[in-house]
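Student: Build the 3D model from these lines:
(one chain, ligands or ions: 1)
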Amino acid sequence: MEKRIAIIGGGPGGLSAAIKAAESGLEVHLFEKGEIGSGIKCAEGFIDTLGVLEKPAAGVLFKVGRVNFFNGRAHFVNLPENLGLWMIDRATWQKSLAKRAARLGVDIRENCLIEKERLSRMMGDYRFVIDASGAPSLKSKVYGFLPDYTRNATLLAQYAVEGDFGFVGPNTILVGYEHRYIGYYYIFPKGPDIANIGVGRFNHAKKNRGVRLKRELDRLLNHLGLRDYRILNNFSSFTPSIGITRLVWGNVLLVGDAAALCSPLHGGGMDMACLSGRMAAELIASNQVDRYPQRLWHMVKKKFIMERRIGQLWRLFGNPLISCVLKSPELVRKIIFNKPPLPQLISLIPSGGNITSRCNPFAK
Ligand SMILES: Cc1cc2nc3c(=O)[nH]c(=O)nc-3n(C[C@H](O)[C@H](O)[C@H](O)COP(=O)(O)OP(=O)(O)OC[C@H]3O[C@@H](n4cnc5c(N)ncnc54)[C@H](O)[C@@H]3O)c2cc1C
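Tutor: Here you go, the predicted structure:
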């Protein structure tokens with residue numbers, strides 16, 4: 001019991017936690033409701049926003065060399081060589097993480113859905129349980145904090161589309177925005193003839209009330225002349241950011257989307273899932289779980305404060321602000337890959353309206 005931990009969820013958060021825990025000498029049981037790498041809802045752009053992660057060990061399709069910020073016109077931003085942004089095949093990547101975890105001795109049980117009652121039993125059977133079940137987390141279903149996940153969420157609709165995506169450009173992803181709502185759209189090619197195309201809108205922007213994303217996505221395909229392309233799959237979902245104020249519930253720790261760690265600006269969350277999973281496992285192994293909320297906030301606070309500010313400005317001033325930002329490729333680079341020195345960057349962005357630099361939301 002002393003060294004036994006359970007992990008619920010075989011996504012990036014759960015798998016990263018499993019590897020780190022096994023490396024730290026813990027006995028790990030990981031439970032995944034489906035098969036590892038199945039049912040993924042993602043645009044598959046792995047972005048290392050803190051500049052601390054290694055290149056994904058498998059599934060890399062290409063390193064993104066430039067971003068086409070599309071604003072009626074194309075604004076190409078070339079990315080420096082040392083910036084970590086890769087298009088990946090997530091299923092391949094996650095399967096390789098699972099293999100690595102298994103080699104380290106992690107007991108992975110697929111097709112094993114954990115329900116509320118089982119979670120209660122697990123809390124007695126294991127020293128710690130890491131809830132990496134995504135959003136809303138399994139734990140939230142027990143304690144009823146489900147609405148916290150949508151409080152600061154970005155809602156998304158996405159198609160995987162087959163067709164000719166040569167127009168996006170080699171090693172390039174396209175991000176654009178519409179005037180009809182506060183949000184963005186993206187074309188993330190996985191190769192010359194397949195791409196993830198999606199639209200996202202901030203859940204809490206007033207202007208977005210009544211916007212139906214699926215309709216916007218169809219409109220986008222028409223607008224871009226992609227109407228006849230073959231749609232391979234489609235889904236709607238959301239990315240939660242900083243809505244959960246409590247990360248440790250008894251001996252259960254929340255990581256990744258379960259901890260609402262997606263970017264408040266662009267919704268990306270794979271990097272935070274990996275980092276929080278590793279951190280939770282490391283702190284369990286060193287008997288310092290009580291430090292988890294504080295440590296995690298320390299790691300992410302600059303990124304989140306800045307991204308929230310930009311998101312709030314976007315909602316306040318609308319798309320003209322984005323047009324203005326796009327005129328400065330250097331600012332765009334800093335915003336996406338908020339490399340230090342962040343304080344200077346934050347000071348570049350004017351304050352206004354009800355913009356606040358929130359203190360640690362996990363402190364409660
Ligand atoms: C449309 C869309 C596009 C996105 N694009 C990007 C992107 O381009 N880049 C990026 O970085 N992020 C992106 N994200 C966010 C990213 O997908 C998540 O941040 C990331 O997957 C979080 O990883 P996780 O391990 O915390 O959770 P998940 O990936 O959700 O993994 C949770 C796992 O737990 C399993 N599970 C759930 N409940 C149970 C249960 N009760 N019992 C057992 N197993 C369970 C699930 O099957 C799943 O495998 C996108 C999200 C969406 C919705």
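Student: neighbours around the residue in the stretch 1-150 of the chain positioned nearest to the ligand, how many?
Tutor: Per CB to the nearest ligand atom, Gly11 is where the stretch 1-150 of the chain lies closest to the ligand, at 2.2 Å. Bear in mind the C-beta positions are built from the backbone N, C-alpha and C, glycine included. Using other CB atoms under 10 Å, Gly11 is surrounded by 28 other residues.
Student: ok, now which ones touch it?
Tutor: Ile40, Gln94, Ala132, Gly134, Gly256, Asp257, Ala273 (CB atoms under 8 Å, 6 or more residues apart in numbering).
Student: what pLDDT does the fifth one get?
Tutor: Residue-level confidence at Gly256 comes out at 98, pLDDT.
Student: before we move on, back to that, the residue of the stretch 1-150 of the chain closest to the ligand and Gly65: what is the separation?
Tutor: In this view, Gly11 and Gly65 are 27 Å apart by CB to CB, to the nearest Å.
Student: now swap in Pro80 and tell me
Tutor: 10 Å.
Student: Look at those two and report which has more neighbours.
Tutor: Set Pro80 next to Gly65 and count neighbours by other CB under 10 Å: Gly65 wins out with 17 against 9.
Student: Quick check: the nearest residue to the more buried one once chain neighbours are set aside vs Glu54, distance?
Tutor: Once flanking residues are discounted, Gly65 sits nearest to Asn171: 4.0 Å by CB to CB, 6 or more residues apart in numbering. Going from Asn171 to Glu54 by CB to CB gives 20 Å.
Student: So which of those two has more stuff around it?
Tutor: For Asn171 and Glu54, the more surrounded residue by other CB under 10 Å is Asn171, and the numbers stand at 14 against 8.
Student: list the contacts for that one?
Tutor: Phe62, Lys63, Val64, Gly65, Arg66.
Student: confidence score at it?
Tutor: At Asn171, the pLDDT recorded in the model is 95.
Student: now swap in the one 3 residues further on and tell me
Tutor: Leu174 is assigned 95 on the pLDDT scale.
Student: A strand includes it, no?
Tutor: Yes. Residue state for Leu174 (DSSP: H, G, I helix; E, B strand; the rest coil) corresponds to a strand.
Student: now it: how far from the ligand?
Tutor: Remark: distance between Leu174 and the ligand (CB to the nearest ligand atom, to the nearest Å) = 13 Å.
Student: likewise Gly268?
Tutor: From Gly268 over to the ligand (counting by CB to the nearest ligand atom), the distance is 3 Å.
Student: low-scoring pLDDT stretches of this protein, where are they?
Tutor: 1, 316-364 (pLDDT under 70).
Student: try 50 this time
Tutor: Low-confidence segments of the chain, defined by pLDDT under 50: 340-359, 364.
Student: got the domain boundaries for it?
Tutor: Split into domains by automatic domain parsing, the chain comes to 4-59+89-150+243-301, 153-239, 303-363.
Student: Report the contact partners of the residue nearest the centre of the chain.
Tutor: Central residue of the chain (CA atoms, centre = their mean): Gly269, 1.4 Å from the mean position. By CB under 8 Å, 6+ apart, Gly269 lies in contact with Thr239, Ser241, Gly256, Asp257, Leu261, Cys262, Ser263.
Student: try 6 Å this time
Tutor: Thr239, Asp257, Leu261, Cys262 (CB atoms under 6 Å, 6 or more residues apart in numbering).
Student: can you pull the contacts of the closest residue to Arg278 other than its chain neighbours?
Tutor: In space, and not counting its chain neighbours, Arg278 is closest to Lys20: 4.3 Å by CB to CB, 6+ apart. Counting by CB under 6 Å, 6+ apart, Lys20 makes contact with Arg278, Ala281, Glu282.
Student: same thing but at 8 Å, please
Tutor: Gly277, Arg278, Ala281, Glu282, Ala285.
Student: does it sit in a helix, a strand or a coil?
Tutor: Lys20 is classified as helix under three-state DSSP.
Student: same question, Asn111
Tutor: Going by three-state DSSP: Asn111 is coil.
Student: how close does it sit to Gly37?
Tutor: 13 Å.
Student: quick one: which of the two has more around it?
Tutor: Using other CB under 10 Å as the criterion, Asn111 and Gly37 rank with Gly37 on top: 21 against 10.
Student: With adjacent residues omitted, what lies nearest to the more buried one?
Tutor: Of all residues not flanking Gly37 in the chain, Ala91 sits nearest, at 3.6 Å (CB to CB, 6+ apart).
Student: part of a helix, is the one you found?
Tutor: Yes. Assessed by three-state DSSP, Ala91 belongs to a helix.
Student: wait, doesn't it sit right on Ala58?
Tutor: No. Using CB atoms under 8 Å, Ala91 is not in contact with Ala58, being 10.2 Å away.
Student: For the two, indicate the residue with more neighbours.
Tutor: More crowded of Ala91 and Ala58, by other CB under 10 Å: Ala91, with 17 against 14.
Student: and the stretch 1-150 of the chain, which residues reach the ligand?
Tutor: The stretch 1-150 of the chain comes close to the ligand at residues 8-14, 31-34, 39, 41-47, 113-114, 132-134, 138, as judged by CB under 6 Å from any ligand atom.
Student: before we move on, back to that, can you pick the most crowded of the contacts of Asn171?
Tutor: Val64 (20 neighbours).
Student: Distance check, it against Gly200.
Tutor: As judged by CB to CB, Val64 and Gly200 stand 18 Å apart.
Student: buried sites along the strand or helix carrying Ile305?
Tutor: Taking DSSP states H and E as the criterion, Ile305 maps to helix 292-317. By neighbour count on 16 or more other CB atoms under 10 Å, the buried set for helix 292-317 is 292-293, 295-297, 299-315.
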